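> Generate a structure from the sequence data that follows.
(one chain, ligands or ions: 1)
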Amino acid sequence: MKYFRFGMNTLRVTQNWKGNTSHLYHWYHSTDYADYPIDVAGENGGRDTYYATVDMKVTSIFGIGKGYTNTIWLETVEQVQTPSGIMKVFISLAHFNDNDIYVSKLKVGDIIKAGNPICMEGTDGTTANHLHMICGNADRGSGNKLIQNSNGKWVSNGYCMKPEEIFYIDSDFTKVVSDGDISFKKIPIIDDKASFFGSNGYFQLGNYHENIGKICYFFAEYFYGYFYSGSDAKERAHEVLDGNYFGPYLKKWTIEFQKRAKIEGNYDDNIDGCIGPKTLEALKKYGFVE
Ligand SMILES: [Zn+2]
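Below is the predicted model of the structure:
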């Protein structure tokens, strides 16, 4: 599942959907159709490119050479992760110029692979370079044309949603210069602790993971004395604490370690024999290396 990301290298919102200007009556007090447009203007007054951040199919192109605003409509080829759930997403981008070097090569039905350009900002039907962007949930109604709402505004015919509900900002790709007073979500960063433990966030009896093997080795090598003594104590510990499986011996060692290090359990509030972030932190104090 891919995150649906905003597609420009700079986010500079010059008009949000909620302001008191031309976008307001796209939705406010509309009794039928509504959309929530934002104007995005890139780094400066020039023409920045909007990229497909996942594979997207062109569903409509209109306006070029005609009396109405140049607009391209696209939808994701597959469902994507958005801040409001998993769905196919549609977007439309308007105001690119008649001779846009990217759109002029496109036709309805084309698939734009992730990372490739869709269009550039332009001034068709407006005065300053920007793109007027609309988005929504294509599973509930993909938009590919405009329809007049009860306020007399021409809005998308699809199931429109607010941009902050549809796309994430990927800080590695997009620099936010102005968010237009909208709280966009950033793509969650997977922290080191979570990745050490895999998707569960901790290890417990019955789990299998290569990092479990590392902990077993560490216990056998340095803490064999918990349960064995004599010249072959370390060897015996290595025999029972063997491999990447979280078995009963590892649980026994973990509980003993937690008691001695006075760690509260990570899985619940007891010394529980599960290895989570707190136990990992304590193990590191004793020399464990991830
Ligand atoms: Zn606009």
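> three-state assignment of the one residue in the stretch 1-150 of the chain that gets nearest to the ion?
Relative to the ion, the nearest point of the stretch 1-150 of the chain is residue 132 (3.5 Å; Cβ to the ion). C-beta here means a position set from N, CA and C on the backbone, and glycine is covered the same way. Following DSSP: H, G, I helix; E, B strand; the rest coil, the label given to residue 132 is strand.
> okay, it: pLDDT?
pLDDT, residue 132: 97.
> Domain map for the protein?
Structural domains assigned to the chain are 10-186, 192-285, following automatic domain parsing.
> Name all residues that make contact with the closest residue to the ion within the stretch 151-290 of the chain.
Of all residues in the stretch 151-290 of the chain, residue 153 sits closest to the ion, at 10.8 Å by Cβ to the ion. Each residue near residue 153 by Cβ atoms under 8 Å, 6 or more residues apart in numbering is listed here: 25-26, 30.
> between these, which has the most around it?
Neighbour count (other Cβ atoms under 10 Å) singles out residue 26 as the most crowded of the contacts of residue 153, with 21 neighbours.
> How much space separates that one from residue 160?
9 Å (Cβ to Cβ, to the nearest Å).
> Quick one: end-to-end distance for stretch 97-109.
21 Å (Cα to Cα, to the nearest Å).
> So which bits of that stretch are buried?
97, 100, 102-103, 106 (16 or more other Cβ atoms under 10 Å).
> Tabulate those (a markdown table), appending secondary structure.
Output for the buried residues of stretch 97-109, formatted as a markdown table (three-state DSSP):
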| residue | secondary structure |
| --- | --- |
| 97 | coil |
| 100 | coil |
| 102 | coil |
| 103 | helix |
| 106 | coil |
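> Mind putting these into JSON lines with pLDDT?
Formatted as JSON lines, the buried residues of stretch 97-109 follow (pLDDT from 0 to 100):
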{"residue": "97", "pLDDT": "97"}
{"residue": "100", "pLDDT": "97"}
{"residue": "102", "pLDDT": "97"}
{"residue": "103", "pLDDT": "97"}
{"residue": "106", "pLDDT": "97"}
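> Make TSV out of these and add distance to residue 49.
Shown next, in TSV, are the buried residues of stretch 97-109 (distance: Cβ to Cβ, whole Å):
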residue	distance to residue 49
97	13
100	10
102	7
103	11
106	14
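> So which of these reach the ion?
Subset of the buried residues of stretch 97-109 in contact with the ion: empty, counting by Cβ under 5 Å from the ion.
> Out of these, the closest to residue 79 would be?
Taking Cβ to Cβ as the measure, residue 79 sits nearest to residue 106 out of the buried residues of stretch 97-109, at 22.8 Å.
> Could you list the low-confidence segments of this structure?
189-194, 265-269 (pLDDT under 70).
> if you set the cut-off to 80 instead, what comes out?
Scanning the chain for pLDDT under 80 picks out the ranges 1, 20, 188-195, 198-200, 263-270.
> What does the nearest residue to residue 271 once chain neighbours are set aside show for phi and psi?
The shortest distance from residue 271 to any non-neighbouring residue, by Cβ to Cβ, 6 or more residues apart in numbering, is to residue 258 (4.3 Å). The phi/psi pair for residue 258 (degrees, to the nearest 10) reads phi -60, psi -40.
> Common neighbours of residue 26 and residue 160, please.
34-36.
> So which of these is surrounded by the most neighbours?
Ranked by neighbours (other Cβ under 10 Å), the shared contacts of residue 26 and residue 160 are led by residue 35, which has 28 neighbours.
> For it, which three-state class applies?
Per three-state DSSP, residue 35 ends up coil.
> Go ahead and confirm it touches residue 156.
Yes: using Cβ atoms under 8 Å, residue 35 is in contact with residue 156, at 4.4 Å.
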